[in-house]
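Peer 1: Dropping the sequence and predicted coords here.
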Amino acid sequence: MFRRSFNSFCAGEEKRVGTRTVFVGNRPDSAAEVYIAQRFCDNRIVSSKYTLWNFLPKNLFEQFRRIANFYFLIIFLVQVTVDTPTSPVTSGLPLFFVITVTAIKQGYEDWLRHRADNEVNKRTVYIIENAQRVRKESEKIKVGDIVEVRADEAFPCDLILLSSCSSDGTCYVTTASLDGESNCKTHYAVRDTVGLWTAESIETLRAAIECEQPQPDLYKFVGRISIYNNSNEAVARSLGPENLLLKGATLKNTKKIYGVAVYTGMETKMALNYQGKCQKRSAVEKSINLFLIVYLFILLTKAAVCTTLKYVWQSTPYNDEPWYNQKTQKERDTLKVLKMFTDFLSFMVLFNFIIPVSMYVTVEMQKFLGSFFIAWDKDFYDEEINEGALVNTSDLNEELGQVDYVFTDKTGTLTENSMEFIECCIDGHKYKGVTQDTDGLSQTDGPLAYFDKADKNREELFLRALCLCHTVEIKTNDAVDGATESAELIYLSSSPDEIALVKGATKYGFTFLGTRNGHMKVKNPRKEIEEYELLHTLNFDSVRRRMSVIVKTQAGDVLLFCKGADSAIFPRVQNHEIEPTKAHVERNAMDGYRTLCVAFKEIAPDDYERIDRQLMEAKMALQDREEKMEKIFDDIETNMNLIGATAVEDKLQDEAAETIEALHAAGLKVWVLTGDKMETAKSTCYACRLFQTSTELLELTTKTIEESERKEDRLHELLIEYRKKLVHEFPKSTRSLKKAWTDHQEYGLIIDGSTLSLILNSSQDSNSNNYKSIFLQICMKCTAVLCCRMAPLQKAQIVRMVKNLKGSPITLSIGDGANDVSMILESHVGIGIKGKEGRQAARNSDYSVPKFKHLKKLLLAHGHLYYVRIAHLVQYFFYKNLCFILPQFLYQFFCGFSQQPLYDAAYLTMYNICFTSLPILAYSLLEQHINIDTLTSDPRLYMKISGNAMLQLGPFLYWTLLAAFEGAVFFFGTYFLFQTSSLEENAKLALDTHFWTWINHFVIWGSLAFYVFFSFFWGGIIWPFLKQQRMYFVFAQMLSSVSIWLAIVLLIFISLFPEILLIVLKNVRRRSAKRNLSCKKASDSLSARPSVRPLLLRTFSDESNIL
Amino acid sequence: MTWSATARGAHQPDNTAFTQQRLPAWQPLLSASITLPLFFCAGLAFIGLGLGLYYSSNAIKELEYDYTGNPGTGNCSRCGVADQDRAPPPTCLCAWYFSLPELFQGPVYLYYELTNFYQNNRRYGVSRDDAQLSGLPSALRHPVNECAPYQRSATGLPIAPCGAIANSLFNDSFSLWHQRQPGGPYVEVPLDRTGIAWWTDYHIKFHNPPLVNGSLALAFQGTARPPNWPRPVYQLSTDPNNTGFINQDFVVWMRTAALPTFRKLYARIRQGNYSAGLPRGAYRVNITYNYPVRAFGGHKRIIFSSISWMGGKNPFLGIVYLVVGSLCILTGFVMLVVYIRYQDQNDEDEDQE
């Protein structure tokens, strides 16, 4: 959206690398090193493409870059310069029409953007200058200006928070418009500037901010503020993302804040984030281009044939120049080669209508209007979030009907992502969660229902850890403060797991009451309030897969609590503690629960000081802060003591299993890509019927591989073994593979992240490519693939790998979280789920739906219909133009190859625009060759159109031959009765329309009527501005003859005869096929598939299924 | 292109038949049980229609004579031999004798037919000035460039009417003589030369330039006649309503034919004793042979034809109707067989189950 060009001169790449120095209030300190005025761009947001002045040339240039438009421009220019049979108007007018419509559309869109820009740029903001509040327009803000923002206002640019009206220098911000997360986030001011919260005091601040050049990552910021006190001594403080207020975010619950602008205009993180979303093109468009080439070839051949024959014919002198038709002297003198060339061009012009002018426009209109049906669909409406489906791009509607591979996230996509605390284990003792309704008794005598008891202290330590080790916030509620215990606490967090854990702890008596001034309050079962000073939070990240907090108890002990994935925790705790917990964790994972391990360690005071210093240093670092932090985290989180583990259940989404089953039946391959543990993911896969009981599982995981010494050898062995098995099972025929699935043994593959990276980047071995290809062969033969322990980038890597397979299958990714964005962007079609983990996925997707189950209708019904519609649209366009222009070609044989047009200029011009494009447009919007309900209930139908089946050579030839036949019938039929008629085309369409809605009736008969009306009109009036009136009253004269009517009826019938015949025959065949199908179905239903339930009971016996 | 339905998305989508794609629809199911009777009906209808067309076309009589004058083809060969490559050739007279054993049912139309004459050649077809023909004085003096090389005469005067089409106006003329009794005198049959052009052409498209002092000749002063014409355009006929640009022969000729073989109406026979048709007897057509066709390998014919409700003689239409009709019935039978066979098979399948 945003112009890259603008960006490049505003923030050149070379500037990105270094840092920038911003003087607060633009008051360079005299003592500072030589002040080099850095130039920053102003705070204007430019999302528009054009200005009033460059609109015309720029837009025209953009439009003529499109190959079809350019082709018509060339034709038009040829017509203007060379003496051609048709006037330039015939191709100029449609081109002009197309160009104008597109230009108006783009102009309108740009005008909207201009308006939106202006709204943002002209908004009034208040800037503190010389201790005065000055009113300014937003676009006038310069880097270094101190800006005042009041509650519920959006930040006009990226600001560093200096002070707020609250004494601790915090403010609350919601980033709903940036990433869709509506919870309030707390941002902090640097300690030294907290007090400066009046315009006068802030004027005294002398400070310089050094920070990196703008980066698009919303969650990263590295900077340093140097504050000069009166004696010109600088105090340096680190700045991080928690100090940065992003443009686009809104201030909440805080009266006002002061901040200094660091990034403005096009350099703000929001602006940087909106660019570079590349346009996805659908496979149908590629087919169109291919057809265009074929037709261009036909066109050239026709022109060449005609030119040659013309000169053969003219070799007889009386044919060349009979006495009644002599040439001018000039014509006689023209060079023969030149004449041949212009003749060739003339023929090209004459036949150029074979390539449809208006097709692109119609296709685009169809896509644009058609996508409304998705947004309108009531079935996609979700009560809970009060939203329906959202279409972000309409270019990919038909791609939905072409999907071969579905990549789905697990958490939040297949599952609800509403977590429930199920059980925990402390020191290997299992504590089953007790909910009020099941076990009322235990409530009274104690918070815990246990099978056997761990040490009391350990229990409490564990629960305290749950209460403290998180980043949960309490929604500020008026009634919350202390006294009202009964008030329901509303927890907010970016991760639903944490909420579940905190709530789980509440169930056992430890209640987290919130954080105030860096102190966390916890109420223990004895109704006492415990306070812990929060010293450091070692945030969660997907690489470490754990998080920690360092707290100081009231007694002064410093404790570190850590929770994280078992694989992240186990290596960091004492070995002897692992075993009992590990068994629990594994069993929980088998049951499909998400498990986390909790560990703690006590930190000695001097150790803490060292850690504190290191952390501070790392936080101050400008360069490589991430790596440094990571290293320190790594150092800190060692030698911990394992206390226990938790299990949280993530419920399957509504109808997830049915959807997966339907997708399978439709011949799609479903891959689950998740960051979760293998066991958890596997059981979810069973639960949603991705794996059947009968599915044979092939495993490529660290577990299977690590048994042997050399990983790669073992991997190689496994790969070879699996391949042999699969290749043996499936003989060569890839075509029938999809059908074969139903009959053969099904295979599922499980692979984890580390093995995948081993396969993809296994050393510099020459084998590595080999591995990859073997791996792909295996993947292609498996019905379902589960990839667990995936990093976000690895997800994208897999998608890319599949995308580049032979035959370039169409991929679809569906996910809900920020970690799915890369995969959504990478695949052909990206679908976002409006889930609980923010809206980032939905924002970056092409379509977003509220639930996973909606995918079924989206693909099976909408995708199928759109594909069929657009395929018909495209085929029909080529068909009708061939049909239209073939008589023209044949006519050349009867007029001495003199380029005499068969149709009047007006008909040539109007044919594509008025006579024939509306019916097909209506058809392509409303056609339902199969009822939507049938489509959704019988997924096998989806297979019929897979692999771009309707735009392959076969159907294309069929349509082309049909067109040739009809064109020939049409011409030779009228050979006796010279006339023009587009009647037939529309009648043909009438036949093809299975779905006769009133709109179709209206449009088809409407455009027929229009044709008739136009013909009368055109022939009925002497047009004073036209020199030729050859068509004058021809039409009326024609229709007054009986035999013409008879001939028209006959010709239409003949030309449609083969079509009717084919349809009838197909019907007969289909009926017998249907019988066969129903028989098969009956037998299928006998061996009904096992239901979902048993899977939660699944145990390790599953291993028997594994090779 | 980014657009969204956010405004709408906030609420539940409308539940209308249109937005939910549940418009009432009717699908023409082309199942065998519907199409088979349809095929038979259509076939029968077509055959019926075809028979009707065929017989009415056959009932139309046509009498034609090739008077190109190739050596040894009747008495026009004298003129044909004289026919040279240059135009205009000298006038030559010849005649065609024929006799009708019975009444030639009227109304009778007299056509001439030319073959291998490319009126549809583009260079030829555009060589006219419609504005000039509609009587525009300015266009009369300044013919359009498309008329070249028949735009201006050698002396530089504008040619009226300009262009190749006008220049090549068919200028043979015919008169029909009837001998009631053998050996009796030939009586001239009146040929109606008016009303042979389209009404719209004659009344709207073609106009003479405004008269100057009541004289058409003066109106055309300062223009040259087309090079092949023996007389200027205002002398095409003595009838003031049939001379100049609105001469009906001229108007008919100016409506160019689409194919290289074409017929044009010359006259209608509907006056006096001949309104019912041509009675039996011997006839003679006097032909003034002017038009050279052998130069471009063409032929010219003279044709008497009657018409019926379906227009001129056109056996093709009837034949095609017959063919298509029988094809329909044939495919109907074939499909019936196929259908029955499938039916049997399916029944067997069911029995097996």
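Peer 2: Thanks, I have it.
Peer 1: Which positions in the stretch 201-350 of chain B make contact with chain A?
Peer 2: B:201, B:204-205, B:257-260, B:292, B:295-297, B:309-311, B:314, B:316-317, B:320-321, B:324, B:327, B:331, B:335, B:338-339, B:342, B:345-346, B:349 (CB under 8 Å from any CB of the partner chain). Where C-beta positions appear, they are placed from N, C-alpha and C, glycine not excepted.
Peer 1: Any quick PyMOL command for the buried ones out of these?
Peer 2: In PyMOL syntax, the buried subset of these is picked out as below (16 or more other CB atoms under 10 Å in any protein chain shown):
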select buried, chain B and resi 201+204+205+257+258+259+260+292+295+296+310+311+314+316+317+320+321+324+327+331+335+338+339+342
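Peer 1: ok, A:Leu272 to A:Ile45 distance?
Peer 2: 12 Å (CB to CB, to the nearest Å).
Peer 1: Also B:Val189?
Peer 2: The value you get for B:Val189 to A:Ile45, if CB to CB is used, is 91 Å.
Peer 1: In terms of neighbours, single out the busier of these two.
Peer 2: More neighbours surround A:Ile45 than the other of B:Val189 and A:Ile45, with 25 against 22 (other CB atoms under 10 Å in any protein chain shown).
Peer 1: what about the more buried one, which SS state?
Peer 2: The local conformation at A:Ile45, judged by DSSP: H, G, I helix; E, B strand; the rest coil, is coil.
Peer 1: May I see the buried residues of stretch A:107-116?
Peer 2: Neighbour-count burial for stretch A:107-116 [16+ other CB under 10 Å]: A:107, A:110, A:113-114.
Peer 1: same question, stretch B:210-220
Peer 2: B:216, B:219-220.
Peer 1: which among the residues you listed gets closest to A:Asp168?
Peer 2: B:Ala219 (104.6 Å; CB to CB).
Peer 1: Could you report the neighbour count for A:Leu73?
Peer 2: 17.
Peer 1: In contact with it, which residues are there?
Peer 2: Contact analysis of A:Leu73 by CB atoms under 8 Å, 6 or more residues apart in numbering or on different chains lists A:64, A:95.
Peer 1: Which pLDDT does the model give it?
Peer 2: pLDDT, A:Leu73: 87.
Peer 1: Please look at A:Ile750 and A:Leu698 and confirm they touch.
Peer 2: Yes: taking contacts as CB atoms under 8 Å, A:Ile750 lies within contact range of A:Leu698: 7.1 Å.
Peer 1: Just give me how far the lengthiest helix in chain B sits from the chain centre.
Peer 2: Selection of the longest helix in chain B by residue count, based on DSSP state H, yields helix B:315-352. In terms of CA atoms, centre = their mean, to the nearest Å, the centre of helix B:315-352 is found 39 Å from the chain centre.
Peer 1: That one packs against which elements?
Peer 2: helix A:1042-1086, helix B:32-59 (3 or more CB pairs under 8 Å, 6 or more residues apart in numbering or on different chains; DSSP states H and E).
Peer 1: so how far is B:Gly52 from B:Cys41?
Peer 2: In terms of CB to CB, B:Cys41 sits 16 Å off from B:Gly52.
Peer 1: do A:Phe368 as well
Peer 2: In terms of CB to CB, A:Phe368 sits 52 Å off from B:Gly52.
Peer 1: got the angle for the longest helix of chain B vs helix B:32-59?
Peer 2: 160 degrees (axes from the mean of the first three to the mean of the last three CA atoms, to 10 degrees).
Peer 1: returning to what we had before: in CSV, list the buried residues of stretch B:210-220 along with secondary structure and pLDDT.
Peer 2: As requested, the buried residues of stretch B:210-220 are arranged in CSV below (DSSP: H, G, I helix; E, B strand; the rest coil; pLDDT from 0 to 100):
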residue, secondary structure, pLDDT
B:Leu216, helix, 88
B:Ala219, helix, 89
B:Phe220, coil, 90
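Peer 1: so where's the stretch 101-250 of chain B shaky on pLDDT?
Peer 2: Within the stretch 101-250 of chain B, the set of residues satisfying pLDDT under 70 is empty.
Peer 1: and if we set it to 80?
Peer 2: By pLDDT under 80, the low-scoring segments of the stretch 101-250 of chain B are B:106, B:199-201, B:204.
Peer 1: could you pull out the helices for it?
Peer 2: Remark: helices assigned in the stretch 101-250 of chain B by DSSP state H, counting those that start in this stretch are B:122-125, B:130-133, B:137-141, B:164-167, B:199-200, B:216-219, B:248-254.
Peer 1: Check which residues of the host helix or strand of A:Glu649 are buried.
Peer 2: If you go by DSSP states H and E, A:Glu649 is part of strand A:641-652. Residues of strand A:641-652 classed as buried: A:641-650, A:652 (neighbour count, 16+ other CB under 10 Å).
Peer 1: Same question for stretch A:804-815.
Peer 2: A:809-815.
Peer 1: Next step: the residues you listed restricted to helices.
Peer 2: Per DSSP H, those never map to helices.
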